[in-house]
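**Q** this is a predicted model, with the sequence first.
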Amino acid sequence: MEFKTVTIVFLIFLMAKEIIEFFLDLKNRSYVMAHRDAVPDKFKDQVSLEEHQKAADYTVAKIKIGQVFNFINFFVLLAWTLGGGFELLDRWVRGLEMSSLYTGLIFIFAYGGISLLIGLPQSLYSTFVLEEKFGFNKTTPAIFIKDMIKGLLLGVIIGAPLMALILWIMPNPGDVMSKASYWWLWAWSVLTAFQLIMLWAYPVLIAPLFNKFSPMEEGDVKNKVLALLDRTGFTSNGLFVMDASMRSSHGNAYFTGFGKNKRIVFFDTLIKTLDAGEVESVLAHELGHYKRKHVLKGLIKAMLLSLVGFFILGKVFTWLPFYQGHGVTLPSDYMALLLFSMVSGIYTFFLTPLNAFVSRKYEFEADQFASENASASKLITALVKLYKDNASTLTPDPTYSAYYYSHPPALERVKFLEKLSSNG
């Protein structure tokens, strides 16, 4: 009867998650539409009513299609677990009579391939219908297919050795004493080492497979950026402009890598939209995350949460009700890894507002750094331009934004920057 308790708890958390998501989506949709016909006073001089309405319509359209696919994913999850999908796939893979390691790899990659096919309609609709309708999509079918093939190849080339090593470290649930009782710690160490290597390798080895990165051209923008880097004592391995306009008209900037391999990357769409002072202020904000240790804190947090996850996996690994309660009868190392990865997000979903709160706090700190090392007023004009170009709503529902938003809502953020500007 113990496994039935696990099933009941699983369904309670799953239903609670679905209800909260639906309620928040409905609340946000209603709030955005209620404010669709009037630009907030703070933005009336910079944002036209037509631009404001486009942002509202774009937000509502994303909510609507998101609800459809969330509904589908809800039943897909139940089909994999309580519906016997994992059981069916496991029987097929075991029928191949391969070694335990190869059985696990085939199971995991077969699941990944099926999930890719199930998720393909959402990717196609979002790219070629939703983004196209609002004028953001620049991705051609050829680019879409090439990206998908490259992603699959990278997943196999990089993912297969990693999964093989983790599965080799993991014991069989019925023979835990055959290997170190702290196998989960070794597995976590391997994953963490891999993630650190990827942080180093991504900027120079992986990202260029999908986008072209050109050195920033000489001019006022580069001069201001270099002066900012000099003032803040930030060293990088180059300033690059990415051809983001090949896929989308959305604009952004970021830095990636660590140590001597740090790169600063600007979307070409951002360079075309903002003036030199605005680009400087946006970069100052991004540097603020680095200088205020947000990047390091985020990395440490991710590592600790991963450690906790592996610790819990180690505890439920030999607990039969964990498998049975989620619709699986025969335990195995690969089943434990995949099943835990799938269902853990349901239980951690309720930590979302806490993570969002911390992220918004970091954004304010980065804005303050930007105001001290660049221009708060320039950051305001840059943000407003980006809000317009990305069709980001200026009027999200307060409850929705408090639960989900990693960045402060537009009005709240601009007021904070205006205060910093007046104090400066």
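**A** Thanks, I have it.
**Q** contacting residues around the strand or helix carrying residue 356?
**A** Here residue 356 sits within helix 352-373, counting by DSSP states H and E. For helix 352-373, contacts defined as C-beta atoms under 8 Å, 6 or more residues apart in numbering pick out 228, 231-232, 281-282, 284-289, 291-292, 294, 376, 379, 402-408, 413, 416-417, 420-421, 424. C-beta coordinates here come from the backbone N, C-alpha and C atoms, glycine included.
**Q** now do stretch 395-415
**A** For stretch 395-415, the external contacting residues (C-beta under 8 Å, 6+ apart) are 20, 24-25, 27-28, 30-32, 35, 40, 42-43, 56, 59, 352-353, 355-357, 359-360, 363-364, 367, 380, 383-384, 387, 392-394, 416.
**Q** residue 126 versus residue 58, what's the distance?
**A** As judged by C-beta to C-beta, to the nearest Å, residue 58 and residue 126 stand 12 Å apart.
**Q** of the two, give the one with the bigger neighbour count.
**A** Shown here are residue 58 and residue 126; by other C-beta atoms under 10 Å, residue 58 has more neighbours (21 against 16).
**Q** would you check that that one makes contact with residue 134?
**A** Yes: between residue 58 and residue 134 there is a contact under C-beta atoms under 8 Å: 4.9 Å.
**Q** who touches both of the two?
**A** residue 391.
**Q** list the buried residues of the helix or strand that contains residue 53.
**A** Following DSSP H and E, one finds residue 53 within helix 49-80. Residues 51-52, 54-63, 76-77, 80 are the ones in helix 49-80 that count as buried (16 or more other C-beta atoms under 10 Å).
**Q** can you select the buried ones from the contacts of helix 352-373 in ChimeraX?
**A** Buried residues among the contacts of helix 352-373 (16+ other C-beta under 10 Å), as a ChimeraX selection:
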select :228,232,281,282,284,285,286,287,288,289,291,294,376,379,403,404,405,407,408,413,416,417,420
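**Q** now intersect the contacts of helix 352-373 with the helices, please.
**A** 228, 231-232, 281-282, 284-289, 291, 294, 376, 379, 402-404, 413, 416-417, 420-421 (DSSP state H).
**Q** what's residue 253 sitting at in phi/psi?
**A** phi -150, psi 150 (degrees, to the nearest 10).
**Q** can you get me the start-to-end distance on stretch 213-226?
**A** Using C-alpha to C-alpha, to the nearest Å, one end of stretch 213-226 lies 18 Å from the other.
**Q** what sits up against it?
**A** With contact meaning C-beta under 8 Å, 6+ apart, stretch 213-226 is reached by 207, 238-243, 263-266, 271, 276-277, 279-280, 283.
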